[in-house]
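Chemist: What shape does this take:
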Amino acid sequence: MATATDKRGGKFTAREIEGATLEAKSIGKDIWLTDAGSRGEGRFTCRCTRAGGRIFMYRYVSHAGKRDVLRIASYDPKGVDGLTLEEARRKAGEWARLYQAGATELREHFVDKAAAAAATKAGERQAREAAERKAQRGSLAALIDAYVATLEGRASHYDAENLLRHHVKEAFPKLSARSAASIKAQELRDVLARLIDDGKGRTAGKVRAYLRAAYSLAMRAGLDPTVPEALTTFEVEHNPLERLPSLAQFNRALDRALTLPELECFWRRVECAPASMARDALASAVLLGGQRPTQLLRLTSTDIDLSVGTVTLLDFKGRNRHANPRRHLLPIPDALLSLMTRLHQLCEKPDDLLFGGTRKETVGGLVTEICAAMKDAGELERGPFQLRDLRRSAETHMAALGVGKDVRAQLQSHGLGGVQDRHYDRHDYMPEKRAALALWAKRLSGGLSPKVVPLKRRSVPA
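Modeler: Now for the predicted structure:
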């Protein structure tokens, strides 16, 4: 290897660096340019290699009397991919002053300093990452996920997951990423205000209710052993939703029920609709007396007993029903028996869903299509209707047919939470329910006219 050539003088210039670079290439040896200086302050040098490299260095004698050279930076006249001559000379001056101040083991000094800086930087990075992980675990989005997980198996599970994801997590990503405990009522008020401004007051009320329940659950997580441990990490001390109004004005009771002509037109269109699981689910919900679609769509092969002609729904609606749902036994009417038999035969396993995973929204979409077709045909007497109006329509028409209130309650599984129903009345009402569903099926097909029951005149004492 060629030895380096050492040129001494005052302070070398950029022009000398260019000249030394060309000379090193031509002679095949490294050339060193070195600033003049006093004894005991080290030297600022530039090594011009035969390969064309220019490297600034600081040369000094260590405490042990050995010569050492520390690299400063590569030379770049523009200061982009390295340091300019002036910048490198300034850095060498700083090192010279440090050397003269007593730091004669500069290499060890910089190694220790770099290690300390790296350790500090690593500690700061770890603390920052830990804070970020804690913030993510305690974020509003994480609280929503933890709360929705507690609703698994309930009728409200899909509704809560869908509304909170769409109208909170996706609509307000920055707010959702923040700590749930730090969010103020005003910020959540803005979430609800956007929905109300879009004409979705009912949705705003439901979002408020779900968020309020999520915060309430997190608040008592540390004391209530029945609350999942995942909810104990949020450190929530107050519920910001308590300060927001309940939006009760958007929770108006609905009263839309199909008239008899509307009902008959609707049923004819259901029977003529293209074959699909959604149509089968809709027909089953209607023929079974207006059952809740969410419960009906959970039916599996084992819930159908064709030998005795019954279907068993699990009613999760009500307080604490998610852990112990009410078994809602219904007779299969003759008009539905062939459909239930076909669906039962399509199931290969006992736990196969009877309607193949059809969602409530799909069934609702079919009802919307039928409603639109009825509107175009001039078959609507009281305006548009929705899937949820069919349950009300069924009870209204069964009442008109003379079906008693107790039997209607048994058919639709509502109003059965009293002491009498829970503890004393053990009659299964199967004959009454079977007779009521037979009347209802005839009403759908137009085989029965409204039954008018006159009021009995009370006798007035003389």
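Chemist: Do a quick rundown of the helices in the stretch 351-462 of the chain.
Modeler: 360-376, 388-400, 405-412, 419, 430-444 (DSSP state H, counting those that start in this stretch).
Chemist: Next, the buried residues of the third one.
Modeler: When you say that, I think you mean helix 405-412. Across helix 405-412, burial judged by 16 or more other C-beta atoms under 10 Å covers 407-408, 410-412. The C-beta positions use only the backbone N, C-alpha and C, and glycine is treated the same way.
Chemist: got a pLDDT number for the nearest residue to D406 once chain neighbours are set aside?
Modeler: Spatially, and ignoring its direct neighbours in sequence, D406 is nearest to Y429 (7.6 Å; C-beta to C-beta, 6 or more residues apart in numbering). Model confidence at Y429, given as pLDDT, is 84.
Chemist: neighbours around Y429, how many?
Modeler: Neighbourhood size, Y429 [other C-beta atoms under 10 Å]: 18.
Chemist: Run through the residues that contact it.
Modeler: In this structure, Y429 makes contact with 406-407, 410, judged by C-beta atoms under 8 Å, 6 or more residues apart in numbering.
Chemist: any idea how far L439 is from it?
Modeler: Separation of Y429 from L439 (C-beta to C-beta, to the nearest Å): 15 Å.
Chemist: Likewise for K121?
Modeler: Distance, K121 to L439, by C-beta to C-beta: 80 Å.
Chemist: what about the two, which has more around it?
Modeler: For K121 versus L439, the count of surrounding residues by other C-beta under 10 Å is larger for L439: 18 against 10.
Chemist: The closest residue to the more buried one other than its chain neighbours: how many residues sit nearby?
Modeler: In this structure, L439 finds its nearest non-sequential neighbour in L401, 4.9 Å apart by C-beta to C-beta, 6+ apart. Neighbour count for L401, taken as other C-beta under 10 Å: 17.
Chemist: can you check R97 too?
Modeler: 12.
Chemist: Begin at 341, not 1, for the rest of this chat.
Modeler: In the new numbering, first residue 341, that becomes R437.
Chemist: Looks to me like it is in a strand.
Modeler: No - using DSSP: H, G, I helix; E, B strand; the rest coil, the secondary structure at R437 is helix, not a strand.
Chemist: And it, how far from Y400?
Modeler: 12 Å.
Chemist: which residues touch E363?
Modeler: 371, 388.
Chemist: Which secondary structure state is assigned to it?
Modeler: What three-state DSSP gives for E363 is helix.
Chemist: and stretch 710-723, C-alpha only, in PDB?
Modeler: What follows is stretch 710-723, C-alpha atoms only, in PDB (Å, rounded to 0.1, in the frame of the first residue of the first chain):
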ATOM      1  CA  ILE A 710     -91.300  -4.100  -1.600                       C
ATOM      2  CA  CYS A 711     -92.500  -0.900   0.000                       C
ATOM      3  CA  ALA A 712     -91.100   1.100  -2.900                       C
ATOM      4  CA  ALA A 713     -92.900  -1.200  -5.400                       C
ATOM      5  CA  MET A 714     -96.100  -0.800  -3.500                       C
ATOM      6  CA  LYS A 715     -95.700   3.000  -3.600                       C
ATOM      7  CA  ASP A 716     -95.200   3.000  -7.300                       C
ATOM      8  CA  ALA A 717     -98.300   0.800  -7.800                       C
ATOM      9  CA  GLY A 718    -100.400   3.100  -5.600                       C
ATOM     10  CA  GLU A 719    -100.900   0.400  -3.000                       C
ATOM     11  CA  LEU A 720     -99.900   2.500   0.100                       C
ATOM     12  CA  GLU A 721    -102.600   4.100   2.100                       C
ATOM     13  CA  ARG A 722    -100.600   5.500   5.000                       C
ATOM     14  CA  GLY A 723     -97.200   6.100   3.600                       C
END
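Chemist: per-residue confidence averaged over that stretch?
Modeler: Stretch 710-723 shows a mean pLDDT of 92 in the predicted model.
Chemist: quick one: contacts of that stretch?
Modeler: Defining contact as C-beta under 8 Å, 6+ apart, one finds that stretch 710-723 is touched by 596, 598-599, 601-602, 605-606, 609-610, 613, 724-726.
Chemist: and that stretch, which residues are buried?
Modeler: In terms of neighbour count (16+ other C-beta under 10 Å), stretch 710-723 has its buried residues at 710-711, 714, 719-720.
Chemist: Surely S753 touches H668?
Modeler: Yes - between S753 and H668 there is a contact under C-beta atoms under 8 Å: 4.5 Å.
Chemist: can you list residues touching both of these two?
Modeler: Contacts common to S753 and H668, judged by C-beta under 8 Å, 6+ apart, are 653, 655.
Chemist: lowest average confidence, helix or strand, in this protein?
Modeler: The weakest-scoring helix or strand in the chain, judged by mean pLDDT, DSSP states H and E, is helix 759 (a mean of 43).
Chemist: Return the member of the buried residues of stretch 710-723 nearest to R542.
Modeler: Nearest to R542, judged by C-beta to C-beta, of the buried residues of stretch 710-723 is C711 at 18.7 Å.
Chemist: Would you mind giving the domain segments of this structure?
Modeler: Using automatic domain parsing, the domain ranges for the chain come out as 345-444, 478-590, 600-784.
Chemist: Over the shortest one, what's the mean pLDDT, rounded is fine.
Modeler: Computed over domain 345-444, the mean pLDDT rounds to 87.
Chemist: With the second one instead?
Modeler: Regarding domain 478-590, the rounded mean pLDDT is 86.
Chemist: Roughly how far does the residue nearest in space to the middle of the chain sit from A436?
Modeler: For the chain, R505 is the residue whose C-alpha lies nearest the centre (C-alpha atoms, centre = their mean; 4.3 Å). The gap separating R505 from A436 is 63 Å, by C-beta to C-beta.
Chemist: any idea how far the residue nearest to A734 when sequence neighbours are not counted lies from R387?
Modeler: Nearest residue to A734, sequence neighbours excluded (C-beta to C-beta, 6+ apart): G630, at 3.0 Å. Separation of G630 from R387 (C-beta to C-beta) stands at 91 Å.
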